[in-house]
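# Make a model of this:
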Amino acid sequence: MVQQFIQKLLDNPNFKGQPLSLIETHISNFIQQNKQNLAPVFTKQFFPDLNSDSATDKIQNLVKQTISEQIITASRNIYPYSINFEVLVNAGILTNLNQSDFFSYLTKYTEAALVSKEFRQKLDQVNIVLNEKMIETYVSKAFENKTYTYTELHRIDNHHFNLEVLTEYMKLAAIVSASYAIKMNLSGHNESVNAFDIGKDLKQMENYIEISKSNRLKLFSCIPENIWTTAAHVTLDHYINKEVEPIAKVLRIFIYRAKDHRTNIKIDKGSETPDKSWFSIQMKNAGYLGIDKAILEDLNRLAFEMRK
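Reported below is the predicted structural model:
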């Protein structure tokens, strides 16, 4: 009965097309705001042996667990069709990583997803980036038109990948970047923190990334260090750290875009398309978000051209 109640919350038509992690936030807020009225229902119908606070916490945890399972399931359904590992192996980027190894890596993070809201959010956003084919759509168009983004990715970036290799590399780096949302103990902090908690403190951020990257390399040696480095750069504010890789700058924009993504939006005639509208609005927020405004402007032009 309790699972039916939770599913009813998830199926709210007002949530249709929204990211799973955002739906979790909506439900959590709804329960907290209506706790006085809902708590008696939770204790009477679902958990008669618990008090009001414990019953409410139990519901919140079940919602979190359900959302976590749905995000992990989505990852398992999306990744096999999103990344061409053979391209990365042939390019010499991967030597001992295959799909089976990678899904083992993903499984090890399931527990982290259950306890870390930030990780659930980032993994959900990466799922959207891959499922909506943001990387291949915009990067291939940038290469075709030889735009500013093309120059950054192909000429300025130290990797100098061709389009095929670059696309697959970016997808893998995007997935790995979610792991930097997992909290860890760090000197100078009373509580566990992740890269996003540290924010604009460059010294602390560099410390976190080095420790975090070292720990992950030990656990997942099948993923090479350059992937971890690019993924770490996704968490960095472009305006605070001028050494951010161009690949990471672009990925940071896509992941922020996924946070506000809605599926199956009807576009009225003459209206701006969803991506074009988002890129336009975020130009004002580029400094706050730590994203490269020049790349954002270029993606905005590409979105207009492609009617995205």
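
# Quote the end-to-end distance of stretch 211-231.
Taking CA to CA, to the nearest Å, the first and last residues of stretch 211-231 lie 14 Å apart.

# tell me which residues in it are buried?
For stretch 211-231, the buried set under the neighbour-count rule, 16 or more other CB atoms under 10 Å, comprises 212-213, 216, 220, 223-224, 227-228, 230-231. C-beta: built from backbone N, CA, C; applies to glycine.

# Please list the members of those residues that lie in helices.
212-213, 216, 227-228, 230-231 (DSSP state H).

# so can I have TSV of these showing pLDDT?
Listed next are these as TSV, based on pLDDT from 0 to 100:
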residue	pLDDT
Ser212	76
Lys213	74
Arg216	72
Ile227	90
Trp228	87
Thr230	92
Ala231	91
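
# tell me which of those is nearest to Leu9?
Nearest to Leu9, judged by CB to CB, of these is Ala231 at 33.1 Å.

# Quick check, the closest one in contact with Lys171.
No. Ala231 lies out of contact with Lys171 (CB atoms under 8 Å); the separation is 11.3 Å.

# circling back: hmm, which two among the buried residues of stretch 211-231 are most spread apart?
Greatest spatial distance in the buried residues of stretch 211-231: Ser212 and Pro224, 15.8 Å, computed using CB to CB.

# Where does the prediction get shaky in the stretch 151-300 of the chain?
186-190, 199-201, 217-219, 268-270 (pLDDT under 70).

# For it, which segments are assigned as helices?
Taking DSSP state H, counting those that start in this stretch to define them, one finds helices in the stretch 151-300 of the chain at 163-177, 195-198, 202-219, 225-233, 246-259, 274-282, 286-289, 293-306.

# between those helices, which one is nearest to Leu20?
Ranked by CB to CB, the member of those that lies closest to Leu20 is helix 246-259, at 11.3 Å.

# tell me which strands and helices the closest one is in contact with?
helix 117-131, helix 134-145, helix 163-177, helix 225-233, helix 274-282, helix 293-306 (3 or more CB pairs under 8 Å, 6 or more residues apart in numbering; DSSP states H and E).

# so can I have a markdown table of these showing distance to Ile6?
Shown next, in a markdown table, are the helices and strands packed on helix 246-259 (distance: least, CB to CB, whole Å):
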| stretch | distance to Ile6 |
| --- | --- |
| helix 117-131 | 16 |
| helix 134-145 | 30 |
| helix 163-177 | 28 |
| helix 225-233 | 33 |
| helix 274-282 | 29 |
| helix 293-306 | 36 |
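
# Out of those, which gets nearest to Met1?
For Met1, the closest of the helices and strands packed on helix 246-259 is helix 117-131, at 25.3 Å, according to CB to CB.

# tell me the angle that closest one makes with helix 134-145.
If you take axes from the mean of the first three to the mean of the last three CA atoms, to 10 degrees, helix 117-131 sits at 50 degrees to helix 134-145.

# Not counting helix 117-131 itself, show me its contacts.
With contact meaning CB atoms under 8 Å, 6 or more residues apart in numbering, helix 117-131 is reached by 19-21, 24, 64, 67-68, 71-72, 74-75, 78-79, 82, 109, 112-113, 135, 171, 174-175, 177-183, 194, 196, 251, 254-255, 257-259, 261.
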